[in-house]
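Peer 1: Build me a model:
(one chain, ligands or ions: 1)
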Amino acid sequence: MRWKTDIDAGVQLCLHCRKLHPLERKRCDRCGSPLFQRKPHALAKTFSLALAATLLLIPANLLPMMIVHSLVGDDAGTIMDGVIYFLEHGEAWIGVVIFVASVFVPFFKLTVLFYLLWIVRFHRHAKARLGLKLYRLIHFIGKWSMLDIFVVALMVGLVQFKNLATIVTGPAAIAFMLAVVTTIFATEAFDPRLMFDHENQRSSDG
Ligand SMILES: [Zn+2]
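Peer 2: Got it, this is the predicted structure:
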């Protein structure tokens, strides 16, 4: 199927104020923002940021998220240790919230981003509508990605209040936050219109 794109129509959209301009215009005459037919280097930027986020999720999941100092000694726990702890201690819903927010959602978002890149790179037009729905979904859940940090902060407060133990966040917390922020930038760098572009309309790297 060959649908008509903005490139066919010889226009480009200002992504800031949504005014349409002819293709040769370099700046928006209404808000002054630079104009691009598509976000510049969208594929390269999205790919590098998504790859960086994937690598950051490794220490985020393997290093301790919380370190407990108590009279009986020190104890460190990863994200999954926390999930298992709450599942075993009758607070299954907290375990489920932590699992969804810190394990499932980050990996899901990155899987979607790599899928979108695959659609663009290999011109899978038949998947473009599904890709757009998934893009909107990960854009929407982006703002909930820090939920886990709040859960950790809440747990630290609760445990410190109940016991004579000191809890500090471990190195995984920093890796996790960096992974979340990098994923948000990767999502922003992607231009979903690329999925609908025809092969001969692609600029050098998207
Ligand atoms: Zn504008």
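Peer 1: Which SSE is immediately downstream of the lowest-mean-pLDDT helix or strand in the chain?
Peer 2: When the helices and strands of the chain are scored by mean pLDDT, DSSP states H and E, helix 147-162 comes last with a mean of 65. For helix 147-162, the following helix or strand on the C-terminal side (DSSP states H and E) is strand 166-169.
Peer 1: So which other helices or strands are in contact with that following strand?
Peer 2: strand 66-70, helix 147-162 (3 or more C-beta pairs under 8 Å, 6 or more residues apart in numbering; DSSP states H and E). No exception for glycine: its C-beta is placed from N, CA and C like everyone else's.
Peer 1: What residues does the chain have near the ion?
Peer 2: Counting by C-beta under 5 Å from the ion, the chain comes close to the ion at Cys14, His16, Cys17, Lys19, Cys28, Arg30, Cys31, Ser33.
Peer 1: Enumerate the positions of stretch 82-91 that are buried.
Peer 2: Going by neighbour count (16 or more other C-beta atoms under 10 Å), the buried part of stretch 82-91 is Gly82, Val83, Tyr85, Phe86, Leu87.
Peer 1: Correction: the previous question concerned stretch 123-134.
Peer 2: His125, Lys127, Ala128, Gly131, Leu132, Leu134.
Peer 1: Then stretch 57-76?
Peer 2: Buried residues in stretch 57-76, counting neighbours by 16+ other C-beta under 10 Å, are found at Leu57, Ala60, Asn61, Leu63, Pro64, Met65, Met66, Ile67, Val68, Ala76.
Peer 1: Restricting to C-alpha, output it in PDB.
Peer 2: C-alpha atoms of stretch 57-76 as PDB (Å, rounded to 0.1, in the frame of the first residue of the first chain):
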ATOM      1  CA  LEU A  57      20.000  -2.800  33.400                       C
ATOM      2  CA  ILE A  58      22.600  -5.500  34.000                       C
ATOM      3  CA  PRO A  59      24.200  -3.900  37.000                       C
ATOM      4  CA  ALA A  60      20.800  -2.500  38.000                       C
ATOM      5  CA  ASN A  61      19.600  -6.100  38.400                       C
ATOM      6  CA  LEU A  62      22.800  -7.900  39.600                       C
ATOM      7  CA  LEU A  63      24.200  -5.300  42.100                       C
ATOM      8  CA  PRO A  64      22.600  -4.700  45.500                       C
ATOM      9  CA  MET A  65      19.600  -2.300  45.500                       C
ATOM     10  CA  MET A  66      19.600  -2.000  49.300                       C
ATOM     11  CA  ILE A  67      22.300  -2.600  51.900                       C
ATOM     12  CA  VAL A  68      21.100  -3.300  55.400                       C
ATOM     13  CA  HIS A  69      23.400  -2.600  58.300                       C
ATOM     14  CA  SER A  70      22.200  -4.100  61.600                       C
ATOM     15  CA  LEU A  71      23.600  -5.500  64.900                       C
ATOM     16  CA  VAL A  72      23.900  -9.000  63.400                       C
ATOM     17  CA  GLY A  73      25.900  -7.800  60.400                       C
ATOM     18  CA  ASP A  74      25.500  -6.400  56.900                       C
ATOM     19  CA  ASP A  75      23.100  -7.700  54.300                       C
ATOM     20  CA  ALA A  76      22.700  -6.700  50.700                       C
END
